[in-house]
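# Sequence below, structure please.
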Amino acid sequence: MEGQNGVRHGSTNQATGNGSPQGYQPLKAHAVGLPGVLFMAMATMAPITAMTGNVPVAVGFGNGIGAPAGFLFATVVLTIFSVGFVTMARYITATGAFYGFISHGLGRIVGTASGLFALFAYIIFEPALVGIFAAFAHDTVATQLGLNVPWPIFAVVMLATITILTYFDIDLTAKILGVFLVTEIAILLAMAFAVLFAGGGPDGIPLAPLNPVNAFTGPAVGLGLVFAFWSWVGFETTAVYGEESRDPKRVVPQATLISVIGVGLFYVFVSWMAIAGNGLSQSLSIAQGEDPFALFYSPTQKFLGDWAVVLFQWLLITGSFACGMAFHNDAARYLYAVGREGLFNRNLGRTHPVHGSPHIASITQTAIATITVLLFWAFGQDPYASLYVLLVITGALAILIVQTLCSFAVIGYFVNNHQEARHWFRTLLAPFLGGIGMLAVVILLIKIFGAAAGAASKTLFFDLIPFILSGVFLGGIVMALYLRTRRPDQYVRLGRVMFEDATERPETDVDADGRGDVTERRGDVPRSEG
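Below you'll find the model as predicted:
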């Protein structure tokens, strides 16, 4: 049923397939538990890619040996951000996570613009990961098997495989991502503990990398900190799977906090041991050299053996594949969320009659990703230096901006809703500090945007990034304003389709647009009154 505050559905909601608010097709409820949501969120962060790709940049050109301290600082800031995020997740369960959160906290106009921003980011993250997967696969197959396979072939294989796997029940992809995630974490921990138990390298186990002061020293502190925060992009996607999880009010908050804190401690430990295994001065020279990946390869070879380096290289391929598939799932669910509300083609809001997957949105995402990859290939761009780097920094900037808005949306939401849940820290101070911290990271990224892009900063696409991002955000504002004026019945649904598990809880809501309503939920049969 639709009220002023939107549409809510439960696990027994029947689909009519017409995309209307009374009968859109829901995702498969209770499909995954805490491990599944956790695996998919952590896969988007791609720990092995984050460590191997980001730590050498931070060490060589950012905050030097203070890179682990930079990860520690990022863990603290993101944990504070997560406090407000998970508090809101206990009250709002929606596939378009940021889209729904910001729409409820800051209003439909800002929410729609933010939703398109997040959607754009997740859409371009998949082809970005296709690029780095193809680069890793090309180099590893050439080095270890002696075969010179053109990178577009690997790209097509990845796109086709993801399309097939994500067509089915999300539980299937969760299990596959879980296997890949465990293996890549295992090799990184094996290297780290081997260094620790051996007493480190030339300098032993130095404590300087953990000194908080060193997080803010080095040739380019901003670059080091941005690459630290960059390594977490994707943790917030725990909320995207709320509608398909078992007990989302519990699973989403738990998965979010585990992703932030657990992965943060993992990043700190692994980067610290990589530096310890090489030595302080040696780590700087390796990171600035011709093979920065050796920052991880060298201690892996020295403390584990040649076999581990070979395995490490193959796991870089599977890790980037898992990350790409996770972002494909995120993008498909965002497309599904905006489709079921009629923001785009309503067919995007349809689900598979057997698997409950957003199969049309998924195929649409594959088409977009394929066209993007082919365009970069047609213009002779490198799969890593251009396709990966340009799309990742563009998407990362968009997501960081949306995370900033989400922090302030938490404050706005609880000012107008759930008086019994208001708390000076959880719903006010923590989201405020988290928002300020995220805003600082956004400013840092904008300042070092050219350095982060590297050689790709000389391309036309790089010059167009500010116009592309501005166009997406302003396009969302214009779209919302148009609907408010010309199609108010559709406007009131923006960001308001939510999943409500079987509970009986009457409440009064006042949304950020100043429209109040009473929504009474009885089990899975919601009823709204204006």
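# And the spatially most central residue of the chain, how far from Ile48?
Nearest residue to the geometric centre of the chain (Cα atoms, centre = their mean): Gly234, 1.6 Å. Separation of Gly234 from Ile48 (Cβ to Cβ, to the nearest Å): 14 Å. For every residue, glycine as well, the C-beta is placed using N, CA and C.
# Now list whatever residues contact both of these two.
Applying Cβ atoms under 8 Å, 6 or more residues apart in numbering, one finds that no residue jointly contacts Gly234 and Ile48.
# Just after the host helix or strand of Arg484, pick out the following helix or strand.
Using DSSP states H and E, the element containing Arg484 is helix 460-486. The helix or strand immediately downstream of helix 460-486 is helix 488-491, counting by DSSP H and E.
# those strands in the stretch 1-150 of the chain, which residues are they?
In the stretch 1-150 of the chain, the segments counted as strands under DSSP state E, counting those that start in this stretch are 2-3, 6-9.
# now the last one: mean pLDDT?
Strand 6-9 shows a mean pLDDT of 44 in the predicted model.
# Kindly report the same for stretch 116-127.
93.
# Identify all contacting residues around that stretch.
Contacts for stretch 116-127 (Cβ under 8 Å, 6+ apart): 44, 96-99, 162, 233-234, 324, 327-328, 330-331, 334-335, 338, 365, 368-369, 372-373, 376, 387, 391-392, 394-396, 398-399, 401-402, 469, 472-473, 475-476, 479.
# roughly how far is it from the heart of the chain?
10 Å (Cα atoms, centre = their mean, to the nearest Å).
# next one: stretch 269-289
Counting by Cα atoms, centre = their mean, stretch 269-289 comes out at 27 Å from the chain centroid.
# quick one: terminal-to-terminal distance for that stretch?
23 Å (Cα to Cα, to the nearest Å).
# List the buried residues for it?
For stretch 269-289, the neighbour count (16 or more other Cβ atoms under 10 Å) marks 269-280, 282-284, 286-287 as buried.
# And for stretch 327-340?
327-340.
# Quick check, Arg108 in contact with Pro488.
No. Arg108 lies out of contact with Pro488 (Cβ atoms under 8 Å); the separation is 10.9 Å.
# Looking at these two, which is more packed in?
Arg108 (26 against 9; other Cβ atoms under 10 Å).
# and the longest helix belonging to the chain with helix 460-486, angle?
Of all segments of type helix in the chain, defined using DSSP state H, the longest is helix 108-145. For helix 108-145 against helix 460-486, the angle by axes from the mean of the first three to the mean of the last three Cα atoms, to 10 degrees is 150 degrees.
# which secondary structure elements does the next helix or strand after helix 108-145 contact?
Sequence-wise, the next helix or strand downstream of helix 108-145 (DSSP H and E) is helix 151-166. Here helix 151-166 touches helix 108-145, helix 170-197, helix 306-340, helix 359-378, going by 3 or more Cβ pairs under 8 Å, 6 or more residues apart in numbering; DSSP states H and E.
# now do 6 Å
helix 108-145, helix 306-340, helix 359-378 (3 or more Cβ pairs under 6 Å, 6 or more residues apart in numbering; DSSP states H and E).
# Just the buried residues of the last one, please?
Counting neighbours by 16+ other Cβ under 10 Å, one finds that the buried residues in helix 359-378 are 359-366, 368-370, 372-373, 376-377.
# tell me which strands and helices whatever helix or strand comes next after it is in contact with?
Counting by DSSP H and E, the element after helix 359-378 in chain order, helix or strand, is helix 389-416. Packing partners of helix 389-416 (3+ Cβ pairs under 6 Å, 6+ apart): helix 67-89, helix 97-106, helix 108-145, helix 430-447, helix 449-453.
# May I see these organised as TSV, with distance to Leu460 added?
Formatted as TSV, these follow (distance: least, Cβ to Cβ, whole Å):
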stretch	distance to Leu460
helix 67-89	32
helix 97-106	29
helix 108-145	16
helix 430-447	20
helix 449-453	12
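# from the ones you listed, which stretch is densest packed?
helix 97-106 (a mean of 29; mean count of other Cβ atoms under 10 Å).
# For that one, list the C-alpha coordinates in PDB.
Extracted C-alpha coordinates of helix 97-106, given in PDB (Å, rounded to 0.1, in the frame of the first residue of the first chain):
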ATOM      1  CA  ALA A  97      20.500   1.900   0.800                       C
ATOM      2  CA  PHE A  98      22.000   5.400   0.500                       C
ATOM      3  CA  TYR A  99      19.000   6.300  -1.800                       C
ATOM      4  CA  GLY A 100      16.500   5.400   0.900                       C
ATOM      5  CA  PHE A 101      18.500   6.700   3.900                       C
ATOM      6  CA  ILE A 102      19.200  10.100   2.400                       C
ATOM      7  CA  SER A 103      15.600  10.400   1.100                       C
ATOM      8  CA  HIS A 104      14.300   9.900   4.600                       C
ATOM      9  CA  GLY A 105      16.800  12.100   6.300                       C
ATOM     10  CA  LEU A 106      17.400  15.000   3.900                       C
END
